[in-house]
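Participant: Sharing a model that was predicted from the sequence below.
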Amino acid sequence: MSLRTEEIERYARHLVLQDVGGPGQARLKAARVLVIGAGGLGSPVLQYLAAAGVGTLGIVDDDVVSLSNLQRQVIHGTPDIGQPKVQSAGAALRRLNPEIAIHEHALRISPENAQSLIEAYDLVVDGSDNFETRYAVSDACFHARRPLVTAALGQFDGSITTIRAHETGPDGKPNPTYRCLFPSPPPPGTIPTCAEAGVLGALAGVMGSLMAMEIIREIVGFGESLVGRLLMVDARSMRFDTVRYGWDEGNPLSGLQSSSRPKRSEESGSRVE
């Protein structure tokens, strides 16, 4: 996929990067990325993916902009209060980069609609704020055979990982699923919401930027993936730690007893081109 003169100037700092260059920028232009949530995490993800030249971005959110969002959801502004977040985010992205296509999905992800929506995209970014959505998205990505970058925020901490559960790793075992890392959601009410516990606004920017960087890395193909690794960020002490995790043979998606586990001939996948 060739770049026009305006695109060459816009992405000049990528084009001179040895690990990106023209081929990498062409992969970004051809990619279709679905972003779940246009909130604290989704805001920087969407902005940096749009700025990077990801050719098609889908935005999923069923909420409207409120004043309390603006402390961390930096894609929205005060004049946007009351507007659907997908509409506000879409308008901001079109101002930032009119070269790309934006699709607004004003709906809530559920187990019933997740897979059909995800199948229209190459990669998925989950910046949702609830466990119901995270499990619905991760399960759908497994069945649709789509890579997933997912992150979560606490008050002063965050975590991020990449899931390519439809593929096998170098050891010949299936890559871990989200359910290998977190087998089941916590009981309702045990984890306070953002409104109840609060969150450091700039931390959402840090984690969302890491998500965007991981998606760009997945598309272009440089560096080491976060598959099988959970990156944890502690904003109180400014520490970054990584924990490795692996495939759980008892997980319900790709475990030994799962009927949906891919056959051996289908397990080896490749990066998005």
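Facilitator: Yep, that arrived.
Participant: and the next element down the chain from the helix ranked longest in the chain?
Facilitator: With residue count as the measure and DSSP state H as the assignment, the chain has helix 201-220 as its longest helix. Sequence-wise, the next helix or strand downstream of helix 201-220 (DSSP states H and E) is strand 229-234.
Participant: helices or strands up against that next one?
Facilitator: If contacts are counted by 3 or more CB pairs under 8 Å, 6 or more residues apart in numbering; DSSP states H and E, strand 229-234 sits against strand 157-163, helix 201-220, strand 239-244. (Glycine included, C-beta is placed from N, CA and C.)
Participant: what helices or strands is the shortest one leaning on?
Facilitator: Helices and strands touching strand 239-244, by 3+ CB pairs under 8 Å, 6+ apart, are strand 229-234.
Participant: Mind doing that once more with 10 Å?
Facilitator: strand 157-163, strand 229-234 (3 or more CB pairs under 10 Å, 6 or more residues apart in numbering; DSSP states H and E).
Participant: about what we covered before: format the helices and strands packed on strand 229-234 as CSV; extra columns: mean neighbour count.
Facilitator: What follows is the helices and strands packed on strand 229-234, written out as CSV (neighbours: other CB atoms under 10 Å):
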stretch, mean neighbour count
strand 157-163, 22
helix 201-220, 22
strand 239-244, 10
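Participant: Could you export the ones you listed as a markdown table, including distance to residue 109?
Facilitator: Supplementary listing: the helices and strands packed on strand 229-234 in a markdown table, determined by distance: least, CB to CB, whole Å:
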| stretch | distance to residue 109 |
| --- | --- |
| strand 157-163 | 16 |
| helix 201-220 | 17 |
| strand 239-244 | 27 |
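Participant: For residue 55, find the nearest of these.
Facilitator: Closest approach to residue 55 among the helices and strands packed on strand 229-234 (CB to CB): helix 201-220, 10.1 Å.
Participant: Could you list every helix and strand in contact with that closest one?
Facilitator: Going by 3+ CB pairs under 10 Å, 6+ apart, helix 201-220 lies up against helix 21-30, strand 32-36, helix 42-52, strand 123-126, strand 148-153, strand 157-163, strand 229-234.
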